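Engineer: Generate coordinates for the sequence data below:
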Amino acid sequence: MASVAEAFAGPAGRPDVLSGTPRAGFVDRWIYVFTAASFIVITFTGFIPDSLAKVAAVQAGLRPSFPLVLHLHAVLMGTFLVLLLAQTVLVASGRCDLHRRLGLAAMVVAPALVIVGLVLVPTIYHVTWNAAQVAGAAGEIARQRIPIADDIMLLQFRVGILFPLFLWIGLRARRGDPGLHKRMMILATAMALPAAINRIEWLPTTLPASPVASDLYVLLAVSPMLIWDVVRNRGLHRAWLIWIGLSLPFTALVYALWGTPWWQTMAPRLMGL
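Structural biologist: Reported below is the predicted structural model:
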């Protein structure tokens, strides 16, 4: 898979007319800022009410306390989103020198976020599993969450693979192909949006039966950038082809395994239970 991505990430392909001064304009520069800012809004909308509700549940003894790694992941994810927004603002305002300097911080935060995320998945699963073994209301709530946690793990695995892969493609292209670089950094981040989207209770959803609504909302979140690309370039930039082409096999696997008895049996084993 890496060799395929490497081939995609190399030079050549359709010229990026959005980056050239002949067609540069307000929307060309600020559409990426808008998209990065919307990711923060989506994250806050999903996580703030959900976190407050979970804190209340912890205080009421209806769920276990949050593990330390969860707090660390929240800090790193928040930092990464702020860095993404800052980077888009710097480029839009012509401060590419500061953009390159701040990029060094992102190259530290991103790997740390991936590592902590890999630790977080089994940690949260074990917390839920252990809570399900106790009697009472808290145990019953946890037992009801186990099948959902099994399926959500599929989305977490998809993010754990594609988020760093798309980041790598974007970072590799930062000097030779700025158009690919800026798009892949945003599209990589979009892979993590379902975690927030699935927590927005007033959104219509197909969960827990299927994750299709979550994926459609992700497409909706990046659609302003996609539509503007098509309008201005009269075609898809290859970043979109990479994003869709590499995402489809993993998404098909998620849909194929979602809710199946085989996966419900296999998921705890993968977590060492």
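
Engineer: give the contact list for R101.
Structural biologist: Residues counted as contacts of R101 (CB atoms under 8 Å, 6 or more residues apart in numbering): none. The way it works is simple: take the backbone N, C-alpha and C, and place the C-beta from them, glycine included.

Engineer: Pretty sure P49 is one of the things E201 touches, is it not?
Structural biologist: Yes: in this structure, E201 is within contact of P49 by CB atoms under 8 Å, at 7.4 Å.

Engineer: Please say which of these two ends up with more neighbours.
Structural biologist: Between E201 and P49, P49 has the larger neighbour count (other CB atoms under 10 Å), namely 14 against 10.

Engineer: what's the spacing between that one and G272?
Structural biologist: 32 Å (CB to CB, to the nearest Å).

Engineer: Repeat that for L154.
Structural biologist: 17 Å.

Engineer: which of those two has more neighbours?
Structural biologist: Higher neighbour count among L154 and G272: L154, with 21 against 9, using other CB under 10 Å.

Engineer: That one is in contact with M266, isn't it?
Structural biologist: No: at 10.6 Å, L154 and M266 do not qualify as touching, with contact defined as CB under 8 Å.

Engineer: Can I get stretch 187-202 as PDB, trimmed to CA atoms?
Structural biologist: Provided in PDB are the C-alpha atoms of stretch 187-202 (Å, rounded to 0.1, in the frame of the first residue of the first chain):
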ATOM      1  CA  LEU A 187      -8.200  15.300   3.900                       C
ATOM      2  CA  ALA A 188      -6.000  13.300   6.400                       C
ATOM      3  CA  THR A 189      -7.700  15.200   9.200                       C
ATOM      4  CA  ALA A 190     -11.100  14.600   7.700                       C
ATOM      5  CA  MET A 191     -10.600  10.900   8.300                       C
ATOM      6  CA  ALA A 192     -10.900  11.500  12.100                       C
ATOM      7  CA  LEU A 193     -14.100  13.500  11.900                       C
ATOM      8  CA  PRO A 194     -16.500  10.500  12.500                       C
ATOM      9  CA  ALA A 195     -15.400  10.500  16.100                       C
ATOM     10  CA  ALA A 196     -17.000  13.900  16.600                       C
ATOM     11  CA  ILE A 197     -19.800  13.500  14.100                       C
ATOM     12  CA  ASN A 198     -21.100  10.300  15.800                       C
ATOM     13  CA  ARG A 199     -21.400  12.300  19.000                       C
ATOM     14  CA  ILE A 200     -23.700  15.000  17.600                       C
ATOM     15  CA  GLU A 201     -27.000  13.600  18.800                       C
ATOM     16  CA  TRP A 202     -29.300  15.800  16.800                       C
END
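
Engineer: Now do that stretch: everything it contacts.
Structural biologist: 36, 39, 42-43, 45-47, 49-50, 77, 80-81, 84, 152, 155, 158-159, 162-167, 169-170, 203, 205, 207, 211, 214-215, 217-218, 221-222, 239-240, 243, 247.

Engineer: Going through those, which ones are buried?
Structural biologist: Buried members of the contacts of stretch 187-202, scored by 16 or more other CB atoms under 10 Å, are 36, 39, 42-43, 45-47, 50, 77, 80-81, 84, 152, 155, 158-159, 162-167, 169-170, 205, 207, 211, 214-215, 217-218, 221-222, 239-240, 243, 247.

Engineer: what's the neighbour count on H181?
Structural biologist: Neighbour tally, H181, other CB under 10 Å: 22.

Engineer: To clarify, my last question referred to P268.
Structural biologist: 16.

Engineer: Look up how far L52 lies from it.
Structural biologist: 30 Å.

Engineer: Next: L98.
Structural biologist: In terms of CB to CB, L98 sits 35 Å off from L52.

Engineer: which one of the two has more residues nearby?
Structural biologist: Ranked by neighbour count (other CB under 10 Å), L98 and L52 place L98 first, with 15 against 10.

Engineer: Can you mark which positions in whichever helix or strand that one is part of are buried?
Structural biologist: Using DSSP states H and E, L98 falls within helix 96-131. Of the residues in helix 96-131, 99, 103, 106, 109-110, 113, 116-117, 120-125, 127-129, 131 count as buried by neighbour count, 16+ other CB under 10 Å.
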